[in-house]
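1. could you work out the structure for the sequence below:
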Amino acid sequence: MTNKNKKFVYQDAKGNITFREVTNISESDDYIQGRCLKDNGIRTFRKDRVLEDIENNEIAPERLQFYIDNKPQLSQSSKNRLARKINQGSSPEVCFTGFKKPDKDRLIQIAESANMFIRSSVTVNLNYLCCGYNAGPKKIETSRHQGTVVLSEKQFLNLIETGEIPEET
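-> Sure, this is the predicted structure:
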């Protein structure tokens, strides 16, 4: 977490465009989170919806008006990401946890090629939770309580290859 402020023009899921200033920032690959001075509360913003970072407050009104006048379309990656959140078919849902990013990305690619629906968190419709070496016990406990099948990477790969889940040895 940093005490630095971040200022930006942001477009939300409904297409509303606003200027935001956020303090006490924590960031992940996809999100910015912190105290939003506009709403005076903790807010999470998707990085792919930040239209422009603003360094100087003096130009903020002009840049905000520019985006309001030109109403940019959501980027294709943002649209794809939105579409991915709703499982329209009956694809099995899988979530990967406790993996380093390259391993998780590889497993997601394998699951997508097998027409599985990828979740980033445990939901009531989740079919499989694939756990790496650093999986959190709370996520595993929640999954088991909901009836989700908890798998190791080896079991997941076997499921993709054969359709069966082997017993761990």
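2. domains in the protein, by residue range?
-> The chain breaks down into these domains under automatic domain parsing: 6-74, 86-162.
3. would CSV of these with mean pLDDT be doable?
-> As requested, the domains of the chain are arranged in CSV below (pLDDT from 0 to 100):
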stretch, mean pLDDT
domain 6-74, 88
domain 86-162, 90
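4. reformat those as TSV; add mean neighbour count.
-> To be clear about C-beta, it is placed using only N, CA and C from the backbone, and glycine gets the same treatment. Rendered in TSV, the data for the domains of the chain read as follows (neighbours: other Cβ atoms under 10 Å):
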stretch	mean neighbour count
domain 6-74	14
domain 86-162	15
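5. mind listing the helices for the protein?
-> Along the chain, counting by DSSP state H, helices occupy 60-70, 76-84, 101-113, 137-145, 153-162.
6. and A13, which of those helices is closest to it?
-> Within these, the stretch nearest A13 is helix 76-84; the backing value is 7.3 Å (Cβ to Cβ).
7. put the alpha carbons of the lengthiest strand in the chain into PDB.
-> Longest among the strand segments of the chain by residue count, using DSSP state E, is strand 17-27. As requested, C-alpha coordinates have been extracted for strand 17-27 and formatted as PDB (Å, rounded to 0.1, in the frame of the first residue of the first chain):
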ATOM      1  CA  ILE A  17     -17.100   9.000 -17.000                       C
ATOM      2  CA  THR A  18     -15.800  10.700 -13.900                       C
ATOM      3  CA  PHE A  19     -12.600  12.100 -12.500                       C
ATOM      4  CA  ARG A  20     -11.200  10.100  -9.500                       C
ATOM      5  CA  GLU A  21      -8.600  10.800  -6.900                       C
ATOM      6  CA  VAL A  22      -7.600   7.800  -4.800                       C
ATOM      7  CA  THR A  23      -5.300   7.700  -1.700                       C
ATOM      8  CA  ASN A  24      -3.900   4.800   0.300                       C
ATOM      9  CA  ILE A  25      -3.600   2.800  -2.900                       C
ATOM     10  CA  SER A  26      -3.100  -0.900  -3.200                       C
ATOM     11  CA  GLU A  27      -2.800  -2.400  -6.700                       C
END
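8. for that strand, packing partners?
-> The contact analysis (3 or more Cβ pairs under 8 Å, 6 or more residues apart in numbering; DSSP states H and E) places strand 17-27 against strand 6-11, strand 31-36, strand 41-46, helix 60-70.
9. if anything else comes up later, I'll come back, but that's it for now.
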